[in-house]
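Participant: sequence unknown, structure follows:
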DNA sequence: TCTTGTTATGACACCGATGACATGACACCG
DNA sequence: CGGTGTCATGTCATCGGTGTCATAACAAGA
């Protein structure tokens, strides 16, 4: 591969002048510039980043570590990859800033993280980003103090800068919207409590209820391990059928996420209930493949992964440029409610009707 | 950041000896090795890949270009990201081989590809991989002849080595399986003909029919632009209802992909038909979030993205090592049929029953 | 005892760019 | 006309490893 010396010789100038042309630095005569550019083109010259980097100490690289790509191999296998929208957001913002992204995947093995970090450091990345596949707490090996790092979709005890989805606010907004639409008996099938979202979203649900002066009824809140391979659907079925036989059954079922909502659609229909005529359903995540393709389309809340990615990139770039070296805070990113036809605008169903339906 | 000279000084040896210890090359005394390793640890030394690379001309990097990550912003927005399993497969195989992956996304703009290739070349990647978001023909700018390149999920006119899903065979296997299960009237709602999969899969469908001696009935094959934002569902509804009113209606509907199948579930149920008791449904892709979460779980065919990724990586590695420089062939990767409960084992429905249902 | 071979280590140039500094040619100013 | 500033370009050292070759110490074989 051609070097600047080859170019210099062909153009009849010194290597330094070639360097100047490449970087548009210092004054260069028009004729000289022309000659150099022609020579570069003729030789198919591509600058060696390695050499440039050695001298300038700037790699233009950012390292991204994630378990997101390989996560499907983990337990709870049935995942899609919407979390990769985070990666997309980061990639887009970094490309704009002129950085190149190196991506490594843990292949599901957390113990590989130190090795991945070392690999990145050996490439002299200017910053690191760690992306988790779902909102969670993590514990990462320490990185050199002068290497900026941002966590996305996760947080740690050391207070490493983090970008997180505002699950509590999102669920509150959705439930508030449902209340505005006339719903009063709102059921919530939450994710299991072990998950951060399984804690924050129910909290947002209760926030909304209490803001509207609606009493919280524990009978309408359940945590469901819906993604167990076999037991999941049955568990959901039982929970739902229990709620529907309450003296005052819900007019809408909020689900822990869109995937659960998809299952709930099938279950409700098997029970002979029409969505949304007889009962409304709402999800969480705005996982488009599901939310927009379900029939009827699903009312849900954005899990703003792409925006989180962009934020993460911006924050890391700030840290790299030295603008905010030691800000130890977490950034919450809220997502908007997407109102679709799976939820009715007014309370659709009185109790007697429901009972009739269930007595079939 | 510490250099080998710092390590050498601290350990009381020469830089070259440090280099030897790092690379496990040449004979080094046990005591010396010990001293060097201690010094490296004490200094938190991380080798600079840039420097190593300059001398050795080996970057250990592979560049991956894809439109897959950003594809959701394109027309037909409602996509998931299962194509990223290709990236996962590549990443896994490359990591095993000791290569680091640099990933760049076209951000939906094909005209950025040359620039991305240049960036990669400036990092002296040892090979390039281009991943398309769905099976298609592409036309890429030329790369230097000595840089190996592999296409995944796409092919070009120049005969660049490609890894492709065997759509024809997959569909044939699925339909054959349906025939074995007793189905004779098999409808096929194909993707639009503009897509490669919209051509190959129907061909596989017809292969299976003719192999079984079943006459091909054009009334049972339709191409559907199901992912049009609004018109899509209506189009599907009309097509399905037309097929169901045929003198001999289908006992199973094969869909162009799983996402279409999800829509079809909703439509059939709105028509008052039970899946699979009254009509069977099959998909394509084995898009797990959909196929396993739908109720009942969807019979479908694997789109073997992960395996294709692994294959692509292996093939590129072969080319890099010089094992197969000028093999210009495409590799087809077939996926297995996943039989789930959305399809019955025996023909479930006689024509009269169906007519009754439709007369409601 | 003198080769010859093996092991352990060092000296030094070099990979390809760029930073610091130098130089030569003009132009402009007083 | 000498001094000063600007433009255009070149020289050379340097970044941090590694390839090549040299060297020293010592053991084994002739």
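Facilitator: Great, that's in hand. Since the model is a prediction, treat every value here as computed from it, not as a measurement.

Participant: Looking at chain A, which residue is nearest DNA strand D?
Facilitator: Proximity of chain A to DNA strand D (C-beta to the nearest atom of the strand) peaks at residue A:27, 2.7 Å away. Glycine gets a C-beta too; all of them are placed from N, C-alpha and C.

Participant: Please name the residues that touch whatever residue of the stretch 151-300 of chain A ends up closest to DNA strand C.
Facilitator: Residue nearest to DNA strand C within the stretch 151-300 of chain A (C-beta to the nearest atom of the strand): residue A:161, separated by 29.0 Å. Listed by C-beta atoms under 8 Å, 6 or more residues apart in numbering or on different chains, the contact partners of residue A:161 are A:149-151, A:315, A:319, A:327-331.

Participant: Show the pLDDT at it.
Facilitator: Predicted confidence (pLDDT) at residue A:161: the value is 96.

Participant: go on, residue A:230?
Facilitator: With respect to pLDDT, residue A:230 has a value of 68.

Participant: May I have the secondary structure class of the residue of chain A closest to DNA strand D?
Facilitator: Following DSSP: H, G, I helix; E, B strand; the rest coil, residue A:27 is assigned to coil.

Participant: same question, the one 4 residues further on
Facilitator: Here residue A:31 takes the helix state, with states given by three-state DSSP.

Participant: go on, residue A:34?
Facilitator: Classified using three-state DSSP, residue A:34 is helix.

Participant: Quick one: which of the contacts of residue A:161 has the lowest pLDDT value?
Facilitator: Of all the contacts of residue A:161, residue A:327 has the smallest pLDDT value, namely 82.

Participant: gap between residue A:65 and residue A:28?
Facilitator: 41 Å (C-beta to C-beta, to the nearest Å).

Participant: out of those two, which sits in the busier spot?
Facilitator: Between residue A:65 and residue A:28, counted using other C-beta atoms under 10 Å in any protein chain shown, residue A:65 has the larger neighbour count: 23 against 16.

Participant: that's a strand at the more buried one, yeah?
Facilitator: Yes: looking at residue A:65 with three-state DSSP, it is inside a strand.

Participant: just checking, it touches residue A:109?
Facilitator: No: applying C-beta atoms under 8 Å, one finds residue A:65 not in contact with residue A:109, separated by 11.9 Å.

Participant: Show me what counts as buried in the longest strand seen in chain A.
Facilitator: The strand that spans the most residues within chain A, counting by DSSP state E, is strand A:128-137. For strand A:128-137, the neighbour count (16 or more other C-beta atoms under 10 Å in any protein chain shown) marks A:128-135 as buried.

Participant: And these, which is the shakiest by pLDDT?
Facilitator: Lowest pLDDT among the buried residues of strand A:128-137: residue A:133, 87.

Participant: follow-up on the earlier one: how about residues contacting the longest strand of chain A?
Facilitator: With C-beta under 8 Å, 6+ apart, strand A:128-137 has contacts from A:62-68, A:71, A:79, A:83, A:86-87, A:90, A:117, A:120, A:138, A:140, A:143, A:147-157, A:164-165, A:167, A:195-197, A:200, A:312-313, A:316.

Participant: Of the residues you listed, which belong to helices?
Facilitator: Within the contacts of strand A:128-137, residues falling in helices by DSSP state H are A:86-87, A:90, A:117, A:120, A:167, A:197, A:200, A:312-313, A:316.

Participant: which ones among these come in contact with DNA strand C?
Facilitator: Among the ones in helices among the contacts of strand A:128-137, not one lies near DNA strand C by C-beta under 7 Å from any atom of the strand.

Participant: Of all pairs in those residues, which one is the farthest apart?
Facilitator: Taking C-beta to C-beta as the measure, those span a maximum distance of 31.0 Å, between A:120 and A:200.

Participant: where does residue A:212 land on pLDDT?
Facilitator: 94.
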